[in-house]
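K.L.:
make a model of this:
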Amino acid sequence: MLFVANGISMVGNQLALLAIPWFVLATTGSAVKTGITAFFSLVPVVLATFFGGAFVDRLGFKTSSVVSDIASGLAVVAIPILFSLDLLSFWLLQVLVFLGALLDAPGVTARDSMLPELADEDMPVERLAAVRQVVERGARLLGAPIAGFLIALISAENVLYLNAATFGVSALLIGLGVPAIELTRDEEEAAPKSYIRQVREGLNFIKLDKLILTFIMVALVTNLLDGALGSVIYPVFVNDLYGSSVGLGLIFGVSGGGAVIGALLYSWLGQGRSLRKIYLAGFVLIGVARLVLVFLPPLWVVLISSAIVGIAAGPLNPIMDTVYYKRVPAVMRARVLGALRSFAFMAIPLGVLLAGFAVEGLGLQLTLILTVGLYLVTALALVFNKRLGEMDRADAA
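P.N.:
Numbers count the residues shown, from 1 in each chain. So this is what the prediction gives:
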């Protein structure tokens, strides 16, 4: 039931991921305003995942997930309602986008934190991490093309009603179908602690783990570039070259489908193999596959490239999640995972903001050259990073 609820919530997020930027682009015609909106949808993710983890540890995984879904759904549904009443100014839209993302992020952390307790001999944590990735990427496979077609059919603002409904369904499934998880706490953990102390404990844990610190640095760079591509560059790219939101949905959908295949292949064939080699191969292949974008090719070429990117990306998050789940104690899992995701997403708002100005100032093609070139350089630099050798000792304390 956890995976079903998570999948529905992620489909809803895919609807918002396409509907909100397309809504702004269609109503304003401005890449800068599209970038600003994406910025306000991503900054709260950084704040909420960092500061919300300790609250999730205190409140409990299940309760946090339900409350988060309901609150975020209310913020999202306010957007089309106010638009229909002609009361939605550009800056009020930014406030609602900010609140929707702020309230959603702790729920994502809570659902992720539940996962290791489902592990057993038949389904070890490595496979559960891969299944989680299949669900997430499967949501992109279904959600992105559906969003593209629905935006063209019923408009972006009406798609947001469906987005709000997915939050309600997710809250209902978690509330009724997932049992509360009771964690065993030692005497020190059971003692009352201040919120600040709990946050500090999570940060201290991360600081002492050099492999996790390396993951964070890689994510800062690659997420900046991925955020720029997904939230600004791809919408402008598709609008300028193909003129339809359907193409945007297909690109994200094909990438999601490829990632499902990649995660399934990793779950099936990756056990016992070098995590480092799979991790490095994935990043390098993503950078090489994206080189074709700089030539502004026809849609079918972009779809092939997106499929390759998805397959290569499929194993990456399960590998990193496996490391996290094995190293982080359950009683501080939410605050550590929240901080990790906050650091990982920290560069995305800057990336989408810069992308909007870069597209208008430098042009689409030069922006693509810079973005893809930086990604490829980062991927190649990982080959020489010696700390990644610890990935094959992921359960070391």
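K.L.:
for Ser231, report the pLDDT, please.
P.N.:
Looking at Ser231, its pLDDT stands at 80.
K.L.:
same deal with Asp392?
P.N.:
Taking Asp392 on its own, its pLDDT is 74.
K.L.:
Arg273 is in contact with that one, correct?
P.N.:
No. Using CB atoms under 8 Å, Asp392 is not in contact with Arg273, being 9.2 Å away. C-beta here means a position set from N, CA and C on the backbone, and glycine is covered the same way.
K.L.:
and the contacts of the host helix or strand of Ser306?
P.N.:
Using DSSP states H and E, Ser306 falls within helix 299-313. When contacts are defined by CB atoms under 8 Å, 6 or more residues apart in numbering, helix 299-313 is touched by residues 137, 241-242, 247, 250-252, 254-262, 265, 281-283, 285-286, 289-290, 292-293.
K.L.:
what is the host helix or strand of Val352 packed up against?
P.N.:
Using DSSP H and E, Val352 sits in helix 347-362. Here helix 347-362 touches helix 31-59, helix 210-228, helix 364-382, going by 3 or more CB pairs under 8 Å, 6 or more residues apart in numbering; DSSP states H and E.
K.L.:
tell me the angle the longest one makes with helix 347-362.
P.N.:
What separates the directions of helix 31-59 and helix 347-362 is an angle of 180 degrees, with axes from the mean of the first three to the mean of the last three CA atoms, to 10 degrees.
K.L.:
against which helices or strands is helix 31-59 packed?
P.N.:
Secondary elements touching helix 31-59 (3+ CB pairs under 8 Å, 6+ apart): helix 2-28, helix 61-84, helix 90-114, helix 195-208, helix 234-241, helix 333-345, helix 347-362.
K.L.:
possible to save those helices as JSON lines with mean neighbour count?
P.N.:
Converted to JSON lines, the helices and strands packed on helix 31-59 look like this (neighbours: other CB atoms under 10 Å):
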{"stretch": "helix 2-28", "mean neighbour count": "23"}
{"stretch": "helix 61-84", "mean neighbour count": "21"}
{"stretch": "helix 90-114", "mean neighbour count": "22"}
{"stretch": "helix 195-208", "mean neighbour count": "14"}
{"stretch": "helix 234-241", "mean neighbour count": "20"}
{"stretch": "helix 333-345", "mean neighbour count": "25"}
{"stretch": "helix 347-362", "mean neighbour count": "21"}
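K.L.:
distance to Leu376 and mean pLDDT added to those helices, as JSON lines?
P.N.:
Output for the helices and strands packed on helix 31-59, formatted as JSON lines (distance: least, CB to CB, whole Å; pLDDT from 0 to 100):
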{"stretch": "helix 2-28", "distance to Leu376": "25", "mean pLDDT": "77"}
{"stretch": "helix 61-84", "distance to Leu376": "36", "mean pLDDT": "85"}
{"stretch": "helix 90-114", "distance to Leu376": "29", "mean pLDDT": "83"}
{"stretch": "helix 195-208", "distance to Leu376": "28", "mean pLDDT": "79"}
{"stretch": "helix 234-241", "distance to Leu376": "18", "mean pLDDT": "89"}
{"stretch": "helix 333-345", "distance to Leu376": "20", "mean pLDDT": "78"}
{"stretch": "helix 347-362", "distance to Leu376": "16", "mean pLDDT": "85"}
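K.L.:
got a markdown table for these, with distance to Leu173 too?
P.N.:
Below are the helices and strands packed on helix 31-59 laid out as a markdown table (distance: least, CB to CB, whole Å):
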| stretch | distance to Leu173 |
| --- | --- |
| helix 2-28 | 4 |
| helix 61-84 | 9 |
| helix 90-114 | 11 |
| helix 195-208 | 28 |
| helix 234-241 | 31 |
| helix 333-345 | 20 |
| helix 347-362 | 28 |
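K.L.:
show me where pLDDT drops low in the stretch 151-300 of the chain?
P.N.:
179-193, 270 (pLDDT under 70).
K.L.:
pull out the buried positions in stretch 165-179.
P.N.:
By 16 or more other CB atoms under 10 Å, the buried positions in stretch 165-179 come out as 165-171, 173-175, 178.
K.L.:
tell me the two of the residues you listed that are most distant?
P.N.:
Ala165 and Val178 (19.5 Å; CB to CB).
K.L.:
and the angle from the helix holding Val352 to helix 210-228?
P.N.:
40 degrees.
K.L.:
got the CA coordinates for helix 347-362 in PDB?
P.N.:
Output of helix 347-362 as PDB, limited to C-alpha atoms (Å, rounded to 0.1, in the frame of the first residue of the first chain):
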ATOM      1  CA  ALA A 347      21.300  24.000  -6.200                       C
ATOM      2  CA  ILE A 348      18.100  23.300  -8.300                       C
ATOM      3  CA  PRO A 349      16.400  26.700  -7.500                       C
ATOM      4  CA  LEU A 350      19.600  28.500  -8.600                       C
ATOM      5  CA  GLY A 351      19.800  26.300 -11.700                       C
ATOM      6  CA  VAL A 352      16.200  27.100 -12.900                       C
ATOM      7  CA  LEU A 353      16.600  30.800 -12.100                       C
ATOM      8  CA  LEU A 354      19.800  31.100 -14.000                       C
ATOM      9  CA  ALA A 355      18.400  29.000 -16.900                       C
ATOM     10  CA  GLY A 356      15.500  31.400 -17.500                       C
ATOM     11  CA  PHE A 357      18.000  34.400 -17.800                       C
ATOM     12  CA  ALA A 358      20.400  32.300 -19.900                       C
ATOM     13  CA  VAL A 359      17.800  31.200 -22.400                       C
ATOM     14  CA  GLU A 360      16.700  34.800 -22.900                       C
ATOM     15  CA  GLY A 361      20.200  36.300 -22.800                       C
ATOM     16  CA  LEU A 362      22.300  33.700 -24.600                       C
END
